[in-house]
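**Q** Have a look at this prediction, sequence included:
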Amino acid sequence: MDCQRPSGTAELIPLEPDPPSISMAPISTFVPPPSVESTPLSLADDDAEELARYTADLEPAVLYLIQEYHDVFPSSFSYPGIPPMRDVEHSIQLVPDYRVYHQAPYRLSIPEATELKHQLEEILRLGFIKPSNSPWGAPVLFARKADRTLRLCIDYRGLNCYTVKNSYPMPRSDELFDHLAGNRFFTRSGYHQIRVAAADQPKTTFRSRFGHYEVTVMPFGLTNAPATFQRAMNDIFRDILEQYVLVYLDDILV
């Protein structure tokens, strides 16, 4: 197999909803911490308000259980570190005739470089990346979101070209909508929940003017990332899947 170096402008694929296969995707979006005066309600408070609207007709015993075990909902998602080891981790199997892929960093504007430095410092602090000496090296770039903030992306096309594709089945969106018909539901999304296998982390290395880093938690830019996440979610919710929980990639509908 002979993979050509990507040329031209990288195509950025939106992540909402995530398609079955993604060429590049974010590993972090830097959001400055709110001031004390403007601190918003926690996600737990948001969930409590949302549940209150949908559980008004529940039996008192059910309401008591929700209140009794409210601590299972974190007050925020400011990760103290990388997620714990799970039964599912992301591995990267390469084709026999692969070649180590590396590419020079893309040119960034001064504002983009400043934002890159901020985002790298944040995800390095969280443990989502670590310094690397790997010969692999994908470039990074930014995509501007609808709210005008910058989304950090890794161009993994070079690595994906040599990756053996995972054929794990993805849910059909039309069947999921059939299940939702006539029901009430709320959603919550999860990110950075799956570790990359230690032996495969060097393959995820990306290059920037601020250093050479490899990824410890699964970024969605990897070709098999959607399949890995779907398998993990199906394993976690297997006993209640499609009874009162629907899962499509990182979107969990109750």
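**A** Ah, there it is.
**Q** can you map out the strands along the stretch 151-254 of the chain?
**A** Under the criterion DSSP state E, counting those that start in this stretch, the stretch 151-254 of the chain contains strands at 187-189, 206-208, 211-215, 246-248, 251-253.
**Q** Helices of the chain, start to end?
**A** For the chain, the helices defined by DSSP state H occupy 43-54, 60-68, 110-126, 157-161, 173-180, 225-236.
**Q** Residue 148: neighbouring residues, count only.
**A** Neighbour count of residue 148, defined by other Cβ atoms under 10 Å: 6. Glycine gets a C-beta too; all of them are placed from N, C-alpha and C.
**Q** re earlier: mean pLDDT for the strands of the stretch 151-254 of the chain: which is lowest?
**A** The weakest mean pLDDT among the strands of the stretch 151-254 of the chain belongs to strand 187-189, with a mean of 46.
**Q** Return the residues in contact with the closest residue to residue 112 other than its chain neighbours.
**A** Using Cβ to Cβ, 6 or more residues apart in numbering and skipping the chain neighbours, the partner closest in space to residue 112 is residue 142 (5.3 Å). The contact partners of residue 142, by Cβ atoms under 8 Å, 6 or more residues apart in numbering, come to 108, 112, 115-116, 150-153.
**Q** Show me the beta-bridge partners of residue 142.
**A** Beta-bridge partners recorded for residue 142 (DSSP bridges): residue 152.
**Q** Residue 213 touches residue 119, doesn't it?
**A** No - counting by Cβ atoms under 8 Å, residue 213 does not reach residue 119; the two are 11.3 Å apart.
**Q** Point out where the stretch 51-200 of the chain drops to low pLDDT.
**A** Judged by pLDDT under 70, the stretch 51-200 of the chain has its weakly predicted residues at 51-59, 62, 66, 72-85, 168-191.
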